[in-house]
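S.K.: Provided below for reference: sequence and predicted model.
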Amino acid sequence: MSNSLDAYLVLSGILFSIGTFGFLARRNAISMLMSIELMLNAVNLAIIAFGSFVESLQADSSVIALLVIAVAAAEATVGLAIVIAIYRNRRTPLVDEYDTMRQ
Amino acid sequence: MTWQDLSTAAPLVAAILLAITVLIVDLIWPGRKALSITTALVGLAIVAALSATATPGTAFGGAYTQDALTSFLNVLFVALVALTIMFAPDYLESRDLPIAEFSVVLIFAMTGAMLIAASADLLLMFLGLELMVLPGYMLAAFAKRDALSTEGAIKYFLLGSFSSAIFLFGLAFTWGLAGSTRVADVAAHLSEIAAGGAALSPGLAMGLAFMTTGVAFKIAAVPFHYWTPDAYQGSPTPVTGYLSVGPKIGAFALVLRLFVGALDPLKADWEIVVIVLAALTMTLGNLVALTQSNVKRMLAYSSIAHTGYILVGLAAYAGGRIEGLEGLLYYGAAYTFMNLGAFAVVAALQRRPGVTSHLDTFAGLGRREPVLGILMTLFLLSLTGIPPFAGFFAKAYVILAAVQAGGANTILAVIAVLNAAAAAFYYLRVVVYMFMREPTTEGAPPRHGNLVWAGLWAASFLTIAIGLFPGPLLEVVNQAARALT
């Protein structure tokens, strides 16, 4: 099973699951952001694996992976800016303390 | 990239140039609000004209497609962005928020939506989606010193990026196992599977399921809706108006391009998924809206319910009726104008900083500001679905299509009718507050700018005109639906 496409896809699935778990279980906004990055990197791993094991996908895979990296960077920029803005207002990065609207 | 490509994509190119132009104008003459707004509105008119007259064709090696659907959606996006820019100045000015940056970010978001509407490639859909939602997060946090605005924004951002990652994971597996990101190639691969020529591999099934989940988050379908109320309530009111319409219609453009374009061969399989999503979405949206005392939050839940009604059109299409798609597009246009109008009235009432969007703010509005009260009543009646307004015909078309499709769709149609009746309660409650309660606030009502009035009249005119004379719009949505299938 090692060094086959399936092995890499399973690894990517495991990484994605860890990211999902982190996103759902963590309370810190920065940790949640890191979990999302982990999920996006799992996607990239799957894309590169497809590219290196399936010949017809080789050319596309690097383009798609680079595009995903660029989008992830843009998303992180906006996300960190919002985290900084809310930290200035509330003095805490814990999302479950952002509950003014539920009262 | 050739000249041919650029001229086919002219509306999109013009929109990007417009955003840059407004940015530069504000850079050279900072603080000249009227100039920025004029530039933005004139530019938007040009983009709309280019979209309406664009010649059909494909560009960028077949990844970009310009057809009747693209034109229709582009004009709708331009209209809703223009109306949002008209409603915003009063509200933003009194809170010291810059209007020029607001317009620029809004127009950049519109370019993303236009890219989705024109995409014939899964990767382009994802790129357009991100281009549309990233400015959306920024707009939600536009009042960055306001605790509510940033709180809504972070919830919107976290759930939004989470759903984007899910969508992308599905996209990677679909691409890897179908062998292409082109919509036509994916559809060809899937029709082979549907015909029994090949087996649906577990990886591909998972990829399609993940993409569906990601899209369900974006349109705020129950049970993927929990980000909506907080994001809508926290954002500055003109932004809420935009968020309830722009990203939603954009996400429905994605639904059309993805489900009706790429996943069409499997529609017998996803029909039941859409039916269940639609039934859950409108029922839960309406039930929770009933209990809200904050009008912004109530309209947020009502927008979830409207997502459900729009999905009825998609379910009817999957059941074999193209009228479902026409109803979906008609609903999109009607919903845009009536919902934006309702939020514009809320924004106008909140002209003075510190005024909340609680129901009490609306008490006695019919006596204090009769015109505003009558316009709000008109939008609310249209949202309820009372003839002769646009909202009634929108509901009628999707529900009729569902009845014609038969099967499980008939049950969905019954649920939709029951929901429409239940929704009347919370919309009409606002009307009761406006005309039958004594005003709680003292003092003269605030003056509203000419731009706000122009926008309100335009939105109300369209809400009535689409309802009274549905012919021209039906013609357009008919062509758009046929271009897709």
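M.R.: The structure has been received and is ready for your questions.
S.K.: Tell me the residues on chain A that lie near chain B, please.
M.R.: Residues of chain A lying close to chain B by CB under 8 Å from any CB of the partner chain are A:9, A:16, A:19, A:23, A:29, A:32-33, A:36, A:39-40, A:42-43, A:46-47, A:50, A:54, A:56-57, A:60, A:64, A:67-68, A:71, A:74-75, A:78-79, A:81-83, A:85-86, A:88-90, A:95, A:98, A:100-101. To be clear about C-beta, it is placed using only N, CA and C from the backbone, and glycine gets the same treatment.
S.K.: Which members of the residues you listed are classed as buried?
M.R.: By neighbour count, with 16 or more other CB atoms under 10 Å in any protein chain shown, the residues of chain A next to chain B hold A:9, A:16, A:19, A:23, A:29, A:32-33, A:36, A:39-40, A:42-43, A:46-47, A:50, A:57, A:60, A:64, A:68, A:71, A:75, A:78-79, A:81-83, A:85-86, A:89-90, A:95, A:98, A:101 as buried.
S.K.: Now the residue of chain B most remote from its centre, what are its backbone angles?
M.R.: For chain B, the largest distance from the centre (CA atoms, centre = their mean) belongs to residue B:197, which lies 38.3 Å off. Main-chain torsions, residue B:197, degrees, to the nearest 10: phi -70, psi -30.
S.K.: and what of residue B:142?
M.R.: Main-chain dihedrals, residue B:142, degrees, to the nearest 10: phi -60, psi -40.
S.K.: likewise residue B:57?
M.R.: phi 170, psi 180.
S.K.: With adjacent residues omitted, what lies nearest to it?
M.R.: residue B:8 (4.9 Å; CB to CB, 6 or more residues apart in numbering or on different chains).
S.K.: same deal with residue B:105?
M.R.: Residue B:105 sits nearest to residue B:135 (CB to CB, 6+ apart), 4.6 Å away.
S.K.: tell me the mean pLDDT for stretch B:339-347?
M.R.: For stretch B:339-347, mean pLDDT is 94.
S.K.: I'd like to know which elements the helix ranked longest in chain A is packed against.
M.R.: Longest among the helix segments of chain A by residue count, using DSSP state H, is helix A:58-90. With contacts taken as 3 or more CB pairs under 8 Å, 6 or more residues apart in numbering or on different chains; DSSP states H and E, helix A:58-90 sits against helix A:29-53, helix B:122-140, helix B:147-178.
S.K.: would you list those in TSV and tack on mean pLDDT and distance to residue B:56?
M.R.: Output for the helices and strands packed on helix A:58-90, formatted as TSV (pLDDT from 0 to 100; distance: least, CB to CB, whole Å):
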stretch	mean pLDDT	distance to residue B:56
helix A:29-53	94	32
helix B:122-140	95	18
helix B:147-178	93	26
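S.K.: May I see these organised as JSON lines, with distance to residue B:248 added?
M.R.: Formatted as JSON lines, those follow (distance: least, CB to CB, whole Å):
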{"stretch": "helix A:29-53", "distance to residue B:248": "22"}
{"stretch": "helix B:122-140", "distance to residue B:248": "11"}
{"stretch": "helix B:147-178", "distance to residue B:248": "13"}
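S.K.: picking up where we left off before, residues contacting the residue nearest to residue B:57?
M.R.: Neighbouring residues of residue B:8 by CB atoms under 8 Å, 6 or more residues apart in numbering or on different chains: B:54-55, B:57-59, B:64, B:66.
S.K.: Now residue B:111: closest residue in space, sequence neighbours ignored.
M.R.: Nearest residue to residue B:111, sequence neighbours excluded (CB to CB, 6+ apart): residue B:15, at 4.8 Å.
S.K.: Figure out the helix or strand that the one you found lives in.
M.R.: Per DSSP states H and E: residue B:15 is located in helix B:10-28.
S.K.: Tally up the residues packed near the residue nearest to residue B:105, please.
M.R.: Neighbours of residue B:135 under the rule other CB atoms under 10 Å in any protein chain shown: 23.
S.K.: Just confirm it contacts residue B:102, I think it does.
M.R.: No: between residue B:135 and residue B:102 there is no contact under CB atoms under 8 Å: 10.4 Å.
S.K.: ok, now how distant is the residue nearest to residue B:57 from chain A?
M.R.: Separation of residue B:8 from chain A (CB to the nearest CB, to the nearest Å) stands at 21 Å.
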